[in-house]
Each structure stands twice: as C-alpha cells, then as structure tokens.
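Trainee: next input, structure requested:
(one chain, ligands or ions: 1)
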Amino acid sequence: MRLPIALARLALLAAAPALTLAAQPPGARGATRVEPGAPCPAGTTEIRPNLCQAPELPAPSILDYRPRSTLVTTEHRVPRPKYPAVDYHGHPGAVDTPEALQRLVAQMDSLGLGVMVTANNTSGEALKRAVAAIRASPAARDRVRVLTGIDFRNVGPGWAEKAVAQLEADAAAGAVGVGEIGKGLGLSTKKADGTRLKLDDPALDPVWQAAARLRLPVFVHTADPQEFWQPIDYTNERWLELALFPGRRYPGDQFPSFEQLMQERDAMLRRNPRTTFVIAHMGWHANDLPRLAKLMTELPNVHTEVGAVLYDLGRQPRAARDFLVRFQDRVLFGKDSFQPEEYPYYWRVFETRDDYFDYYRPYHAFWKLYGLDLPDATLRKLYYENAQRISPGIPKRR
Ligand SMILES: [Zn+2]
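Mentor: Numbers count the residues shown, from 1 in each chain. Next up, the predicted model:
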C-alpha cells in the first residue's frame, strides 16, 4: 500500500508544479520583467530586482490589511505629560459657563494639562463673557485662557482702523493672543472688491503691527498638508484621507497652490518682524524639517506648534529630535481637535524611546511612530515655558 501513495504524490507534483512554491525559482509563476527604475504594473509587486509578480491570493484592500506586529519590545504608556502642559491649540468647546469650565478643568486634570488656550477667535461680547466666566471660576481662573479673532471679511478702505480698534478692545478684555486664524485666509476669503485676500496683503499690516504693540502673538494656520493639492492617485500618501474626506481636496482650478500660499505666508512673516507669529501645525512642513529650519533661522519672530502633525514627527525620530532641540525656544505644544484619548500619543512620542507604535488615526499614516526621548529642558519649553514667554497673559503656576 505504501508504494502507490508515493507514486500518487509524485504524479500530483508533476501535474501541479505551481503548488510547490518553495521549490520554484522566483518569477517562475508568470512574473513580469521591468526596465530598471520602472514601477511594477498594477496588481504586482517587485519580488527580485526588476521582476514583478502578482500574489497568488487575492490582495486585501488597504482598509482591510491590518497586519499584527510580531515585534517584541518595551512599551511605555504615558497617560500624562512629565510637566503640566499648556495646550496652545485648544478647541475644547464652550468656556463661558461655570459648568462647562468645571467639566473642562476636570478633563485637563486627568490629561495633565496645566492651561488650556482656546483658539476659537473669540472676540467682542463673546470674549468678555468667556473671560468673566473664567475669572469667576475658582477652578478655571488659572487654567483657561482665550485667543481673540480678527474678522477678515470686507477688507478694504476703513477696515484696518476698525480691526485694530477691536483688537485693542479684546486685548483690554483679556485675550492673550490672536487665533487660530483659519486656513480660509489665503484659500478662500475675499476682499471687499471681490478679489482673494492674500496673507501678505499690505492692508493687513496695521493689524499685525497692532498685535506686536499689544504683545499678542498671532497664531495662524495656513494651507493644509501639501498632498491635499496633489492628484489623488496611488502614490499619494494621503490617498485614504482624501478619499474619505472630499472637502480636503484642493483642485488647482479652484484654489491657490500650496506653494503660492506658503510664499504669501512667508512674505507676511517677513514684512512684520516685530510681530510674534506662531505658525500652526509646524507650518505644514513637519514632513520637510529642513525647509522649516530655514524659515525659522531666517525669521526669529516665527514660532511654531505641533498640533495634528505627530505622524510626521514620530516617523523620523532622530531628525525630529534634532529639530526640536535646535529650535527648543520656539516650538509650542498644541493638540488641535479636542479628543482626550489622543493626548497620550503626544506624550509617548515626545518622552519615550519606544519603537514602532501606532498613531491614533490610521487614515493619516500608513506607518508607525517612534519616541523622540526629548531632554527635560526641551520638554519644559515645549510643554509650557515657550507659551508662557510669548503670551504674558498665560498664568505661570510652576
Ligand atoms: Zn485649530
């Protein structure tokens, strides 16, 4: 009985060589050869130099491929920062009632936040209400501060005088800075004459200069990640995000280009050297730190903030660490969207030496993060000292 089974096996092997994968030379099963440097055809991948092959099994979509890492390494969860942090890019919702403030301060305590700066352009009566509520709250009095906003609608003759008067009133009412000036400025806001309002429009200079005089830093978000302007093809590293959120696409026939917006922003920063600017989201150059380093070296009035770009810092831990140490006096912590469960990812990236861990939004980043292990002096500046220095109105509790 043993011989026929062995013979049957041999016959099977001869009839179906494709099943004996281990014995096959690479490319034996229908591989495609490509010119050196040429990409593999769609549906195939490079298995040897210039040799592309399709998988034998149907490939999962990028939504469904969720490999479990087998890496065994130490993990350090960091539920709270080493030093109480100032969140300079806060959008925590209403701060103008005792109940809202009570709730917010309780959340801040559990997150290790010392001060929340609300960056919601709160001006005029709304600002006065918020500041009054904060001052009346024993819990929030030293924990919450408010940025004012500038109304960029109808810029034209007479606009600057009104805007400066409002800024002066808001500074007197207790605003500690200006912002977050949204990306609409540059992308879409129109002047009174119907043309696009550019960031470096001279009509805005009196307002930037008033901010300098009033010691109000200007917190400004310009443009968005550069890939949002690129074709949504399979080389775009934000493909999934752009496919999920159509509003993040900036077709060239409807919007100024990324580079044009950067040029206008940089011209504004350059023309107002006495104004302290904080460019949000690391100026959307966290993926190009040499470019940001060049800008910040040229312009000492420029500070930046780390909100919502952790995926770019954490994927280049050595370069990011070097940058944050080099510019340690000019980078502020900020989180942007208020999702309490996301803060600990920041502390872990900044404080640990952990390898290869997940970011909090898979559609942002197809890669893992690594800890930067920042020195204590840099952490203190990033977390609170820089914010306290540039915004005198932010309480110093430490
Ligand atoms: Zn924001």
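Trainee: secondary structure class for the residue of the stretch 101-250 of the chain found nearest the ion?
Mentor: Going by Cβ to the ion, the ion is nearest to Glu180 of the stretch 101-250 of the chain, at 4.4 Å. All C-beta atoms are positioned from the backbone trio N, CA, C, and that covers glycine. At Glu180 the chain is in strand, as set by DSSP: H, G, I helix; E, B strand; the rest coil.
Trainee: what does Leu57 give?
Mentor: coil.
Trainee: quick one: it from the ion, how far?
Mentor: For Leu57, the distance to the ion equals 43 Å [Cβ to the ion, to the nearest Å].
Trainee: would you list every one of the strands in the stretch 101-250 of the chain?
Mentor: Shown for the stretch 101-250 of the chain, the strands assigned by DSSP state E, counting those that start in this stretch span residues 113-118, 144-146, 178-181, 218-220.
Trainee: which elements pack onto the second one?
Mentor: Taking 3 or more Cβ pairs under 8 Å, 6 or more residues apart in numbering; DSSP states H and E as contact, the helices and strands that strand 144-146 lies on are helix 98-111, strand 113-118, helix 124-136.
Trainee: mind listing what's buried in the longest one?
Mentor: It stands for helix 98-111. Ala100, Leu101, Arg103, Leu104, Val105, Met108, Leu111 (16 or more other Cβ atoms under 10 Å).
Trainee: can you verify my assumption that the last one contacts Phe338?
Mentor: By that I understand Leu111. No: between Leu111 and Phe338 there is no contact under Cβ atoms under 8 Å: 10.0 Å.
Trainee: mind checking how far Tyr343 is from the ion?
Mentor: On the measure of Cβ to the ion, Tyr343 and the ion end up 15 Å apart.
Trainee: tell me the contacts of the closest residue to that residue other than its chain neighbours?
Mentor: Nearest residue to Tyr343 in three dimensions, chain neighbours excluded: Leu111, at 5.0 Å (Cβ to Cβ, 6 or more residues apart in numbering). Going by Cβ atoms under 8 Å, 6 or more residues apart in numbering, Leu111 touches Arg80, Pro340, Tyr343.
Trainee: what does the stretch 201-350 of the chain put close to the ion?
Mentor: Taking Cβ under 5 Å from the ion as the measure of proximity, the stretch 201-350 of the chain contacts the ion at Asp336.
Trainee: residue of the stretch 201-350 of the chain nearest the ion, please.
Mentor: Relative to the ion, the nearest point of the stretch 201-350 of the chain is Asp336 (4.7 Å; Cβ to the ion).
Trainee: that residue contacts Gly307, doesn't it?
Mentor: Yes: contact criterion Cβ under 8 Å: Asp336 and Gly307 qualify, at 3.7 Å.
Trainee: anything in contact with each of the two?
Mentor: His89, Ala280, His281.
Trainee: count the neighbours of the last one for me.
Mentor: His281 is flanked by 24 other residues according to other Cβ atoms under 10 Å.
Trainee: use 4 as the first number for this chain going forward.
Mentor: Fine by me, first position is 4 from now on; the one you just mentioned is His284.
Trainee: next, it: secondary structure please.
Mentor: Strictly by three-state DSSP, His284 counts as helix.
Trainee: for the protein, what spans make up the helices?
Mentor: Using DSSP state H, the helices of the chain run over 5-18, 101-114, 127-139, 162-176, 187-190, 208-216, 242-247, 261-274, 292-301, 313-316, 320-329, 346-354, 379-383, 389-393.
Trainee: redo those helices as CSV? Include mean pLDDT and distance to Pro58.
Mentor: Listed next are these as CSV, based on pLDDT from 0 to 100; distance: least, Cβ to Cβ, whole Å:
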stretch, mean pLDDT, distance to Pro58
helix 5-18, 43, 22
helix 101-114, 97, 44
helix 127-139, 98, 57
helix 162-176, 98, 60
helix 187-190, 98, 42
helix 208-216, 98, 56
helix 242-247, 96, 20
helix 261-274, 98, 36
helix 292-301, 98, 36
helix 313-316, 98, 28
helix 320-329, 98, 32
helix 346-354, 98, 33
helix 379-383, 98, 45
helix 389-393, 98, 50
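Trainee: got a markdown table for these, with distance to Pro63 too?
Mentor: Shown next, in a markdown table, are the helices of the chain (distance: least, Cβ to Cβ, whole Å):
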| stretch | distance to Pro63 |
| --- | --- |
| helix 5-18 | 30 |
| helix 101-114 | 36 |
| helix 127-139 | 49 |
| helix 162-176 | 53 |
| helix 187-190 | 36 |
| helix 208-216 | 51 |
| helix 242-247 | 14 |
| helix 261-274 | 32 |
| helix 292-301 | 33 |
| helix 313-316 | 22 |
| helix 320-329 | 29 |
| helix 346-354 | 26 |
| helix 379-383 | 40 |
| helix 389-393 | 44 |
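Trainee: of all these, which one is nearest Asp196?
Mentor: Among the helices of the chain, helix 162-176 comes nearest to Asp196, with 11.4 Å by Cβ to Cβ.
Trainee: in the closest one, which residues are buried?
Mentor: Trp162, Ala163, Ala166, Val167, Gln169, Leu170, Asp173, Ala174, Ala176.
Trainee: and the fourth one, what does it touch?
Mentor: With contacts defined as Cβ under 8 Å, 6+ apart, Val167 is in contact with Pro209, Val210, Ala213.
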